[in-house]
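Enquirer: generate coordinates for the sequence data below:
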Amino acid sequence: MELSLDRLTKHYGSKIAVDHVSADLKPGVYGLLGANGAGKTTLMRMLCAILESTSGEVLFDGEEVTAMGAAYRDLLGYLPQDFGYYPNYTAEEFLRYIAALKGLPREKARKKTRALLEMTGLSHAARKKLKTFSGGMKQRVGIAQALLNDPKILILDEPTAGLDPKERVRFRNLIADYAENRIVILSTHIVSDIEAIADKVFLMKKGKFILEGTVPELILHAQNKIWELSVPQKEFRRWQDTVTVANLRHEGSQVILRIVSDTKPAEAAVPCRATLEDLYLYYFGKENSYD
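Expert: Down below sits the predicted model:
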């Protein structure tokens, strides 16, 4: 099983949202990292055949996905960044409704709904209306609806938004297990989630993949660029305005800064081991967020 992106491109007038992206994806978990506006959501919508590309194509096992039509949609599970739901439906009613739209037989839909409510920790709220749910609970319903048809390709846009740490761990374990013989693509700003489960990560900037590789491979690009420096409280603001500060902590009259910099920021700075979050900040730390 293989999903291939061949020079996939999307223009909106003079703006290039996705710029000649190519990749070959086999079963496993793939993470997309990039600032807002990098083109991640546009790319995911093209992978779902929701959005038509300007040029290039998406192939599943060598067949162009738009030509496959319904056969390709049957293979897909998709959680958009803001998924729509009916607030007066209960969780169980909503999932069975989506199952019907996906063409699942009634008995299979009933069993699958119950299993997914259990899997996402929502069995206790199965008959409560969605309008009463917290943001995290609604997000878990979104994850459940994406899994209803047992998709071979699962595409998730910001799936852990609104989840508490315990829920995120549950989600990560679920996805890591699910991806054993399926293709899972997820985009999130919660770098630790990608660091925990992604087999391969793509860094996307201005519509292009600027780096790709395993987490350890990518972290090497940030080695020798991460520093720790202790500065007096009165100097902290000056440093914050002039360098990228990944983290800070107060210790008495000093502030300990974790700095992302190509060069040693001060004689007293000491090198630190890099993380994926450091790499993210190295490439995107000075970008303004925009949609």
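Enquirer: report the contact partners of Asp82.
Expert: If you count contacts by Cβ atoms under 8 Å, 6 or more residues apart in numbering, Asp82 has none. For the C-beta atoms, the positions are set from N, CA and C on the backbone; glycine is no exception.
Enquirer: isn't there a strand covering it?
Expert: No - counting by DSSP: H, G, I helix; E, B strand; the rest coil, Asp82 is not part of a strand but coil.
Enquirer: for Leu117, see how far away it is.
Expert: From Asp82 across to Leu117, the span is 22 Å (Cβ to Cβ, to the nearest Å).
Enquirer: again, but for Gly142
Expert: When Gly142 is compared with Leu117 (using Cβ to Cβ), they lie 13 Å apart.
Enquirer: tell me which of these two has more neighbours.
Expert: Gly142 (24 against 20; other Cβ atoms under 10 Å).
Enquirer: list the contacts of that one.
Expert: 79, 83, 85, 159.
Enquirer: try 10 Å
Expert: Residues in contact with Gly142 (Cβ atoms under 10 Å, 6 or more residues apart in numbering) are 78-85, 120, 156-159, 161-162.
Enquirer: okay, the helix or strand containing it in PDB with CA atoms only?
Expert: Here Gly142 sits within helix 135-147, counting by DSSP states H and E. Extracted as PDB, the C-alpha positions of helix 135-147 are listed here (Å, rounded to 0.1, in the frame of the first residue of the first chain):
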ATOM      1  CA  GLY A 135     -13.900  21.000  23.700                       C
ATOM      2  CA  GLY A 136     -11.800  17.900  24.500                       C
ATOM      3  CA  MET A 137     -14.800  15.600  24.400                       C
ATOM      4  CA  LYS A 138     -16.000  17.000  21.100                       C
ATOM      5  CA  GLN A 139     -12.500  16.500  19.700                       C
ATOM      6  CA  ARG A 140     -12.700  12.800  20.800                       C
ATOM      7  CA  VAL A 141     -16.000  12.500  18.900                       C
ATOM      8  CA  GLY A 142     -14.200  13.900  15.900                       C
ATOM      9  CA  ILE A 143     -11.500  11.300  16.200                       C
ATOM     10  CA  ALA A 144     -14.100   8.600  16.500                       C
ATOM     11  CA  GLN A 145     -16.000   9.600  13.400                       C
ATOM     12  CA  ALA A 146     -12.800   9.600  11.400                       C
ATOM     13  CA  LEU A 147     -12.200   5.900  12.400                       C
END
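Enquirer: for the spatially most central residue of the chain, grab phi and psi.
Expert: Most central in the chain under Cα atoms, centre = their mean is Ser187, positioned 1.7 Å from the mean C-alpha point. Dihedral pair for Ser187: phi -120, psi 130, per degrees, to the nearest 10.
Enquirer: roughly how far does the residue with the largest distance to the centre of the chain sit from Ala269?
Expert: In terms of distance from the mean C-alpha position of the chain, Ser253 ranks first, at 38.9 Å (Cα atoms, centre = their mean). Noted for Ser253: a distance of 19 Å to Ala269, by Cβ to Cβ.
Enquirer: okay, now the domains of this protein?
Expert: 3-219, 224-272 (automatic domain parsing).
Enquirer: mean confidence for the shortest one?
Expert: With pLDDT averaged residue by residue, domain 224-272 scores 93.
Enquirer: circling back: the residue nearest to the centre of the chain contacts Thr41, correct?
Expert: Yes - taking contacts as Cβ atoms under 10 Å, Ser187 lies within contact range of Thr41: 7.1 Å.
Enquirer: between these two, what contacts are shared?
Expert: 32, 81, 157-158.
Enquirer: ok, which pair from the residues you listed is furthest apart?
Expert: Greatest spatial distance among these (Cβ to Cβ): Leu32 and Gln81, at 12.1 Å.
Enquirer: out of these two, which sits in the more crowded spot?
Expert: Leu32 (24 against 14).
Enquirer: before we move on, the earlier item: now do the contacts for the residue farthest from the centre of the chain.
Expert: Contacts of Ser253 by Cβ under 10 Å, 6+ apart are 232-234.
Enquirer: how about those residues in JSON lines, adding distance to Ala71, secondary structure and neighbour count?
Expert: JSON lines is the format used below for these (distance: Cβ to Cβ, whole Å; DSSP: H, G, I helix; E, B strand; the rest coil; neighbours: other Cβ atoms under 10 Å):
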{"residue": "Pro232", "distance to Ala71": "65", "secondary structure": "strand", "neighbour count": "9"}
{"residue": "Gln233", "distance to Ala71": "63", "secondary structure": "helix", "neighbour count": "11"}
{"residue": "Lys234", "distance to Ala71": "66", "secondary structure": "helix", "neighbour count": "9"}
